[in-house]
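Asks: Build me a model:
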Amino acid sequence: IYGFFAPPPPPPLARLGVGVEWKRDALLQFEGAGGMAYRKSAYTPRLTLNSNVIRLPIVPGCDPKKTYGDLYMRGVRGIVLEAFGVGNMPWTKATGWIPWLRSQRKQGMLIYMTSQCESGKLHPELYRTGSLALELGAESGPMMTPECAVVKLMLCLAHPNLPPSEPIAGEL
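Replies: Residues are numbered from 1 along each chain as shown. You can find the predicted model right below:
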């Protein structure tokens with residue numbers, strides 16, 4: 001079994017038995033003045049999701065125009081783009097990810113970049129293609145698993161005032 005791209009398991013938030021033993025250090029908290037921990041604001045559950053999101057791992061030699069076509073025309077409104085390493089993707093005339101992303105963004109597609117790596121920081125600005133994707137309006141932020149990024153994008157599409165690159169509930 002290969003575990004190269006499996007997300008690490010999160011720490012348990014509580015142990016359930018006769019009672020509930022909370023693991024306080026695993027809960028989302030903010031540091032206040034004088035070292036006191038408090039919640040910056042109450043978490044507001046948002047239960048509406050827009051499921052018109054697709055997860056696209058970049059595959060070497062794959063031409064997105066031929067493989068995926070016009071996703072926006074087919075009802076997709078968000079792409080979680082799984083780049084290589086810290087945010088790179090192929091740049092060739094035969095497999096033009098940037099021209100394809102540009103055409104999707106012009107139609108209003110929301111694009112969030114993540115990595116195919118299990119852990120580490122995302123820095124697409126270090127590569128030509130990553131920088132171009134950011135210039136087109138693709139967003140990236142702290143590393144999230146692709147599964148988390150898909151749900152986050154579904155949430156952001158349903159609630160346009162929520163930017164994908166800002167934490168909502170400790171996911172970043």
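
Asks: Tell me which helix or strand Leu134 sits in.
Replies: In the assignment (DSSP states H and E), Leu134 maps to helix 128-136.

Asks: buried ones in that helix?
Replies: Applying a neighbour-count criterion of 16 or more other CB atoms under 10 Å, one finds 129-130, 132-134, 136 buried in helix 128-136. Any C-beta I mention is one placed from the backbone N, CA and C, and that applies to glycine too.

Asks: same check, this time on stretch 121-128
Replies: Here stretch 121-128 shows 122, 124, 127 as buried, counting by 16+ other CB under 10 Å.

Asks: what's the particular helix or strand that has Val150 in it packed up against?
Replies: Using DSSP H and E, the element containing Val150 is helix 146-158. Under the contact criterion of 3 or more CB pairs under 8 Å, 6 or more residues apart in numbering; DSSP states H and E, helix 146-158 touches strand 53-57, strand 78-83, strand 110-115.

Asks: That one to strand 110-115, inter-axis angle?
Replies: 160 degrees (axes from the mean of the first three to the mean of the last three CA atoms, to 10 degrees).

Asks: got the contact list for helix 146-158?
Replies: If you take CB atoms under 8 Å, 6 or more residues apart in numbering as the criterion, helix 146-158 is touched by 7, 46, 48-53, 55, 57, 77-78, 80, 82, 110, 112, 114, 144, 162-164, 168, 171.

Asks: Any idea which helix or strand in this protein has the lowest mean pLDDT?
Replies: strand 37-38 (a mean of 50; mean pLDDT, DSSP states H and E).

Asks: In space, not sequence, find me the middle residue of the protein.
Replies: In the chain, the residue lying closest to the centroid (CA atoms, centre = their mean) is Ala149, at 3.1 Å.

Asks: now Ser103: how far from Ile111?
Replies: 12 Å (CB to CB, to the nearest Å).

Asks: residues near Leu56, how many?
Replies: Leu56 has 20 neighbours, counted by other CB atoms under 10 Å.

Asks: swap in Pro142?
Replies: 11.

Asks: just checking, it touches Leu122?
Replies: Yes: with contact defined as CB atoms under 8 Å, Pro142 counts as touching Leu122 (7.3 Å).

Asks: Can you name the residues in contact with stretch 98-107?
Replies: With CB under 8 Å, 6+ apart, stretch 98-107 has contacts from 64-65, 68, 70-73, 79, 81, 89, 91, 111, 129, 132-133, 136-138.
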